[in-house]
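Asks: give the three-dimensional model of this entry:
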Amino acid sequence: MNADLTLVLGGARSGKSRYAEGLVTALVGPRVYIATSQIWDAEMAERVAKHRDDRGPDWTTVEEPRDLTGALRRHAADGTGVLVDCLTLWLTNLMMAEADIAAETAALVELLPTLPGRVVLVSNEVGLGIVPDNALARRFRDHAGRLHQSIAAVAPRVVLTVAGLPMFVKGTPA
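Replies: Residues are numbered from 1 along each chain as shown. Predicted structure coming up:
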């Protein structure tokens with residue numbers, strides 16, 4: 001089992017990505033950022049460019065909107081810190097492609113404990129609000145909840161960020 005696997009959850013602008021980046025930058029060695037976002041418009045392109053600039057040249061950025069297990073197999077290695085940001089964007093991409101969400105989730109959950117090095121996964125906690133008013137949003141919320149539960153079951157650490165503060169749901173600080 002990968003003892004250095006962390007799931008970081010939180011709401012929008014909760015500080016989850018900043019916290020997750022800190023877990024990886026604390027390591028000496030290569031850093032890989034697996035970005036699952038797709039650029040759909042100019043505003044998103046601007047956000048992506050800003051995040052890349054903020055991370056700086058010490059990071060290798062891998063853009064992979066769908067084949068997350070493949071990207072992790074290729075880039076996770078002993079001594080390497082890998083940050084995946086974020087699982088909910090990955091889930092959205094899979095849903096839009098009408099992929100088999102259960103199979104993709106199962107493959108990811110099976111792979112995670114076998115990966116060497118530090119692996120930090122970021123995801124939006126979307127299940128704390130009201131029930132969405134449309135079927136697509138409800139399916140997304142349900143898929144996200146199941147994904148989070150499955151990963152939390154195999155991750156030694158689960159952190160919920162609130163107002164920039166990490167709250168340890170499972171495990172202790174890395």
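Asks: check which helix or strand the closest residue to Arg73 other than its chain neighbours maps to.
Replies: Closest residue to Arg73 apart from its sequence neighbours, by C-beta to C-beta, 6 or more residues apart in numbering: Leu111 at 6.9 Å. Just so you know, the C-beta spots here come from the backbone N, C-alpha and C atoms, and that holds for glycine as well. Per DSSP states H and E, Leu111 falls inside helix 101-111.
Asks: heading toward the C-terminus, what's the first helix or strand past that helix?
Replies: Assigned by DSSP H and E, the successor of helix 101-111 is strand 118-124.
Asks: contact partners of that following strand?
Replies: With contacts defined as C-beta atoms under 8 Å, 6 or more residues apart in numbering, strand 118-124 is touched by 2, 4-12, 16-17, 20, 23-24, 27, 72, 76, 80-88, 112, 144, 147-148, 151, 155, 174.
Asks: the residues you listed in strands, which ones?
Replies: Taking DSSP state E, the ones among the contacts of strand 118-124 that sit in strands are 5-10, 81-85.
Asks: nearest to Leu165 among those residues?
Replies: Gly10 (9.7 Å; C-beta to C-beta).
Asks: across the sheet, point out what pairs with the closest one.
Replies: Note on Gly10: beta-bridge partners by DSSP bridges are Asn124, Thr161.
Asks: show me what contacts it?
Replies: By C-beta under 8 Å, 6+ apart, the contact set of Gly10 is 16, 124-125, 160-162.
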